[in-house]
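A.B. asks: I would like to see how this sequence folds:
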Amino acid sequence: MKSKDNTLVFSDYKIPKAVAALALPSMLGMLINIVYNLADTFFVGQTGDANQVSAVSLSMPLFLLFIALGNLFGVGGCAFVSRCLGEGNRDIIKTISAFCIYGGMAAGVLLGALFIIFRNPLLYFIGASDASVNFASDYLLWVSLGAPFIVTAITVGNLIRGEGAAKASVTGMIIGQLTNIVLDPLFILGKGDRLFFFNLPFGFDKGVAGAAIATVLGNIVSVLFFLIYFLRGKSILSITPKRFSARGGIAKGVISVGLPAALNNLLMSISNIVINMFLSHYGDTAVAAMGVAMKANMLVVMLQLGLAQGIQPLVGYCYGAKDYTRMKNSIRFSMLCNIIIGATMTMVYIFFRRQVISMFIDNAEVIDYGTKMLTALMSSGVFLGVMFIINFSFQGMGKGFQSLMIAVGRQGIIYLPLLFIMDRLIGIDGIIWAQPVADYVCIIMSAIMMAHIIRKLEKTNLAKEEN
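C.D. replies: The predicted model follows:
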């Protein structure tokens with residue numbers, strides 16, 4: 001069966017081949033994800049309205065909460081599934097997948113309903129101005145209506161990675177994201193609007209609301225693809241409602257690893273809210289510029305995250321099978337790959353940072369702010385990928401506490417105090433440089449924690465060999 005062949009990548013492939021087989025599809029998916037995320041900002045930017053660009057930036061922290069729910073059930077389920085495969089415990093896998101899928105779907109419905117009811121007060125709270133709140137409200141309404149599909153698409157895509165079907169996982173993501181990209185100009189722009197070198201013959205002229213509609217439709221397409229994948233009957237996972245159960249350690253096993261991943265998105269959301277609140281004192285232009293700079297910086301971050309995410313089930317399988325040597329070598333090789341990616345992309349971005357920002361919006365003040373912001377964000381790009389590898393490795397091993405510490409540190413207990421202190425000391429430049437400083441602190445912290453875990457595993461292995 002195909003499901004059995006999928007697991008060979010974990011046990012039989014040489015490490016570079018295994019990393020490539022798992023990470024390249026994930027990285028390709030992240031590349032498309034970058035375009036998918038940039039598309040909203042790019043096409044909304046073609047309206048020439050900084051308030052609409054600002055609205056996308058303001059809504060993003062709330063949108064990240066849907067991604068957090070998807071990761072809570074998806075990343076937690078993926079790590080649990082791969083460890084069970086390594087341990088040879090396949091009976092529980094169908095129950096894990098059913099719990100994750102239906103739990104995530106229900107959570108998406110609940111959070112989407114809360115956002116629809118309270119969206120305007122929420123948006124004012126996180127820094128929306130009178131000029132941008134209506135645009136942001138329209139965007140949030142549509143993505144909230146599509147929340148069950150957004151959460152389900154993320155959850156299932158991660159679960160499929162856990163059984164080794166990296167290509168199927170990425171294909172589902174890419175199909176949805178390409179659908180979004182194709183639909184963006186159709187829904188955002190109007191008839192006769194300029195796009196690249198021609199005027200559009202038709203369009204719904206929905207502006208920022210059109211970006212949200214395209215996002216929802218793209219996720220619906222992803223869910224339909226994954227449904228077909230399951231109906232083909234070649235997966236070891238299950239979408240049967242009868243298999244749903246939170247008992248027998250299922251909920252604990254999923255949430256213990258999924259919570260740090262979700263908390264990372266939650267803290268990212270909170271930190272984005274806080275930074276937008278700080279930047280709003282400098283005007284909507286500064287908010288728009290940070291949104292554009294963060295979107296541009298995603299190219300490096302997403303590639304490194306893609307590689308780290310790709311090897312997570314490999315680490316989980318090796319940990320479950322107690323093949324610590326293969327696990328350690330896989331982690332080291334992946335770290336080296338991420339350093340090379342980070343160094344290469346950082347050099348390119350530093351040389352062409354102004355041109356990169358100007359691709360999104362033709363506004364001199366936004367470009368000036370955005371160039372400074374992108375320079376700061378890229379300053380940690382070379383080594384940031386090492387932290388991602390370590391964090392996803394902890395998740396694969398089921399080390400929820402260590403993963404939690406990295407997530408809480410980078411976006412919470414280290415970053416947020418730095419944001420307040422550096423803003424007070426040096427103003428907007430402090431806001432801009434707070435994240436890179438927090439990144440370097442967390443890179444060092446994660447390396448120390450990983451070294452401790454590896455030494456502990458080696459001692460355990462040595463003791464078993466002696467006995």
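A.B. asks: for the residue nearest to D49 when sequence neighbours are not counted, give its distance to Y124.
C.D. replies: Once flanking residues are discounted, D49 sits nearest to G207: 7.6 Å by C-beta to C-beta, 6 or more residues apart in numbering. C-beta coordinates here come from the backbone N, C-alpha and C atoms, glycine included. Separation of G207 from Y124 (C-beta to C-beta, to the nearest Å) stands at 20 Å.
A.B. asks: for the chain, name the helix or strand with the lowest mean pLDDT.
C.D. replies: In the chain, the helix or strand scored least confidently by mean pLDDT, DSSP states H and E is helix 2-6, which has a mean of 49.
A.B. asks: buried stuff in the very next helix or strand once past that helix?
C.D. replies: Next helix or strand after helix 2-6 toward the C-terminus (DSSP states H and E): helix 8-11. Within helix 8-11, the residues that qualify as buried by neighbour count (16 or more other C-beta atoms under 10 Å) are V9, F10, S11.
A.B. asks: which residues sit in contact with the nearest residue to the first one once chain neighbours are set aside?
C.D. replies: Pointing back at V9 there. Closest residue in space to V9, ignoring its immediate chain neighbours: A21 at 5.0 Å, by C-beta to C-beta, 6+ apart. A21 makes contacts with V9, Y13, A166, as judged by C-beta atoms under 8 Å, 6 or more residues apart in numbering.
A.B. asks: which single one of the buried residues of helix 8-11 is nearest to L314?
C.D. replies: Distance to L314, by C-beta to C-beta, is smallest for F10 among these, at 5.7 Å.
A.B. asks: who's in contact with that closest one?
C.D. replies: A18, S82, L85, G86, G164, P313, L314, Y317, C318.
A.B. asks: 10 Å instead?
C.D. replies: 18, 21-22, 82, 85-86, 163-164, 313-318, 320-321, 323, 326, 330 (C-beta atoms under 10 Å, 6 or more residues apart in numbering).
A.B. asks: off-centre distance for stretch 363-373?
C.D. replies: Chain-centre distance of stretch 363-373: 25 Å, with C-alpha atoms, centre = their mean, to the nearest Å.
A.B. asks: what segments of the protein are strands?
C.D. replies: 194-195, 198-199 (DSSP state E).
A.B. asks: circling back to that earlier point, what's the spacing between the residue nearest to D49 and A214?
C.D. replies: From G207 to A214 the distance is 12 Å (C-beta to C-beta).
A.B. asks: out of those two, which sits in the busier spot?
C.D. replies: Neighbours around G207 and A214, counted as other C-beta atoms under 10 Å, are more numerous at A214. The numbers are 26 against 22.
A.B. asks: contacts only, for the nearest residue to the more buried one once chain neighbours are set aside.
C.D. replies: Nearest residue to A214 in three dimensions, chain neighbours excluded: L183, at 3.9 Å (C-beta to C-beta, 6+ apart). The neighbourhood of L183, defined by C-beta under 10 Å, 6+ apart, consists of A39, F43, F204, G210, A211, I213, A214, T215, V216, L217, G218, V221.
A.B. asks: these in helices, which ones?
C.D. replies: Within the contacts of L183, residues falling in helices by DSSP state H are A39, F43, G210, A211, I213, A214, T215, V216, L217, G218, V221.
A.B. asks: show me the contacts for the fourth one.
C.D. replies: What that stands for is A211. A211 touches 39-44, 52, 55-56, 59, 138-139, 142-143, 180, 183-185, 187-188, counting by C-beta under 10 Å, 6+ apart.
A.B. asks: among those, which are in helices?
C.D. replies: Among the contacts of A211, the residues falling in helices (DSSP H) are 39-44, 52, 55-56, 59, 138-139, 142-143, 180, 183-185, 187-188.
A.B. asks: which ones are touching the closest residue to A286 other than its chain neighbours?
C.D. replies: Once flanking residues are discounted, A286 sits nearest to L279: 4.4 Å by C-beta to C-beta, 6+ apart. For L279, the contacting residues are 54, 57, 127, 285-291, 369, 373, 423, 428, 431-432, by C-beta under 10 Å, 6+ apart.
A.B. asks: hang on, the earlier thing: for the residue nearest to V9, give me the pLDDT.
C.D. replies: If you check A21, the pLDDT there is 87.
A.B. asks: relative to M378, how far out is it?
C.D. replies: Applying C-beta to C-beta to A21 and M378 gives a distance of 29 Å.
A.B. asks: next one: G146
C.D. replies: 32 Å.
A.B. asks: next one: N51
C.D. replies: Using C-beta to C-beta, N51 is found at 27 Å from M378.
A.B. asks: tell me which of the two has more neighbours.
C.D. replies: M378 (26 against 22).
A.B. asks: now stretch 220-229: buried residues?
C.D. replies: I220, V221, S222, V223, F225, F226, Y229.
A.B. asks: no, scratch that, I was asking about stretch 312-327
C.D. replies: 312-321, 323-324, 326-327.
A.B. asks: now, among these, which is nearest to R90?
C.D. replies: Relative to R90, and with distances defined as C-beta to C-beta, the nearest of the buried residues of stretch 312-327 is G320, at 11.6 Å.
A.B. asks: quick check: closest non-adjacent residue to the closest one.
C.D. replies: Sequence neighbours aside, G86 is the residue nearest to G320 in space, at 2.5 Å (criterion: C-beta to C-beta, 6+ apart).
A.B. asks: so what's the one you found up against?
C.D. replies: So G86 contacts 7, 10-11, 313-323, 327, 396 (C-beta under 10 Å, 6+ apart).
A.B. asks: cutoff 8 Å now
C.D. replies: Taking C-beta under 8 Å, 6+ apart, one finds F10, G316, Y317, C318, Y319, G320, A321 in contact with G86.
A.B. asks: mind putting the residues you listed into CSV with pLDDT and distance to S271?
C.D. replies: Converted to CSV, the contacts of G86 look like this (pLDDT from 0 to 100; distance: C-beta to C-beta, whole Å):
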residue, pLDDT, distance to S271
F10, 82, 35
G316, 90, 28
Y317, 90, 33
C318, 90, 33
Y319, 90, 30
G320, 87, 33
A321, 87, 37
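A.B. asks: with that, I have no additional questions.
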